[in-house]
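>>> sequence isn't available, so here's the structure alone:
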């Protein structure tokens, strides 16, 4: 009687083919839609449940930042530059797009660490945690957008009809946020300093990117801005709302393509490694 030999092989992408990864990811997204929504709802209510002033924090942060720059400009310490609209509208609209990125990245990078006990006990798609956490930034953006509309009414200025295209122009910056969120959530599980580093880095990048001031025309900051994708992803939607025109299509298109590539690469890396997340968190 011949001996039966059983060979066990790892169920990995080398055997299945890497193209099958995208089919797996799509099926996971489809299967976990309800879970992602429930996690999003849980995070949203937990964020403001025990806060005294609750959702008002979404207004306070940009107002403090804008007020600081107005004070610096009037004291002659810092020049905001040439802006054709009232500065509060210009700055708060820019901050809304910026915080769509920064808030989303920070919350998504902390998502796996905060759900450590849940990950250790339950087997589910960890992508849902990252997506649900990043989704909080969209809620904050919509709330800040109401503040911008109030300012338009106060200054008796009508926004461009292109404001209706905001959801379309939000896609590239959200893809970049999610892509980086996937990677940094993994890194934060290994090195817990990542969360603190990101908070500091976001503040530094905000001042380095022309969000609260006009793009400089000369100097080292002008050269840095030309190669800063965050500038195009935040300023182009703002210009579209304020003027209805886009003067830097090329930079926005290149930045959008970069965002798509970063999202795809980071999503695939996260998909291939998320089965080992519980070992590290």
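Nice, I can see it. These numbers were taken from a predicted model, which means no experiment stands behind them.
>>> got a list of contacts for whatever helix or strand residue 222 lives in?
Using DSSP states H and E, residue 222 falls within helix 220-226. Contacting residues not belonging to helix 220-226 are listed as 208-210, 215-216, 231, 251 [CB atoms under 8 Å, 6 or more residues apart in numbering]. C-beta coordinates here come from the backbone N, C-alpha and C atoms, glycine included.
>>> same thing but at 10 Å, please
207-210, 213, 215-217, 219, 228, 231-232, 235, 248, 251 (CB atoms under 10 Å, 6 or more residues apart in numbering).
>>> what average pLDDT does the one helix or strand residue 204 maps to get?
Assessed by DSSP H and E, residue 204 sits inside helix 193-208. Averaging pLDDT along helix 193-208 yields 86.
>>> picking up where we left off before, would you mark the buried spots in the helix holding residue 222?
Going by neighbour count (16 or more other CB atoms under 10 Å), the buried part of helix 220-226 is 221, 225.
>>> nearest residue to residue 139 in space, ignoring adjacent ones along the chain?
With sequence-adjacent residues excluded and distances taken as CB to CB, 6 or more residues apart in numbering, residue 139 is closest to residue 44, at 6.4 Å.
>>> OK, contacts around that neighbour?
So residue 44 contacts 55, 132, 135-136, 139 (CB under 10 Å, 6+ apart).
>>> buried residues, the helix or strand containing it. List them.
For residue 44, the host element (DSSP H and E) is helix 33-49. Judged by neighbour count (16+ other CB under 10 Å), helix 33-49 contains these buried residues: 35-36, 39-40, 43, 47.
>>> from these, which single one is nearest residue 167?
Nearest to residue 167, judged by CB to CB, of the buried residues of helix 33-49 is residue 40 at 17.4 Å.
>>> that closest one reaches residue 108, doesn't it?
No. Using CB atoms under 10 Å, residue 40 makes no contact with residue 108, being 11.6 Å away.
>>> what sits in contact with each of these two?
By CB under 10 Å, 6+ apart, the residues touching both residue 40 and residue 108 are 129, 131-136.
>>> filter those down to the ones in helices?
Judged by DSSP state H, the shared contacts of residue 40 and residue 108 include 129, 131-136 as members of helices.
>>> may I have the secondary structure class of residue 84?
coil (DSSP: H, G, I helix; E, B strand; the rest coil).
>>> neighbours around it, how many?
Counted with other CB atoms under 10 Å, residues neighbouring residue 84 total 8.
>>> next: residue 242.
What residue 242 shows, counting by other CB under 10 Å, is a neighbour count of 21.
>>> so for it, what's the pLDDT?
For residue 242, the pLDDT comes out at 88.
>>> so what's it up against?
Taking CB under 10 Å, 6+ apart, one finds 83-85, 89-90, 93-94, 152, 157, 159-160, 162-163 in contact with residue 242.
>>> in helices, which of these appear?
89-90, 93-94, 152.
>>> make TSV from those residues and add distance to residue 114, pLDDT and neighbour count to it.
Output for these, formatted as TSV (distance: CB to CB, whole Å; pLDDT from 0 to 100; neighbours: other CB atoms under 10 Å):
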residue	distance to residue 114	pLDDT	neighbour count
89	35	86	24
90	35	87	24
93	30	88	27
94	29	87	26
152	37	89	19
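>>> so which helix or strand of the chain has the lowest pLDDT on average?
The weakest-scoring helix or strand in the chain, judged by mean pLDDT, DSSP states H and E, is helix 13-16 (a mean of 55).
>>> could you give the angle of the helix or strand that comes right after that helix to helix 33-49?
Next along the chain after helix 13-16, taking DSSP H and E as the criterion, comes helix 19-31. If you take axes from the mean of the first three to the mean of the last three CA atoms, to 10 degrees, helix 19-31 sits at 60 degrees to helix 33-49.
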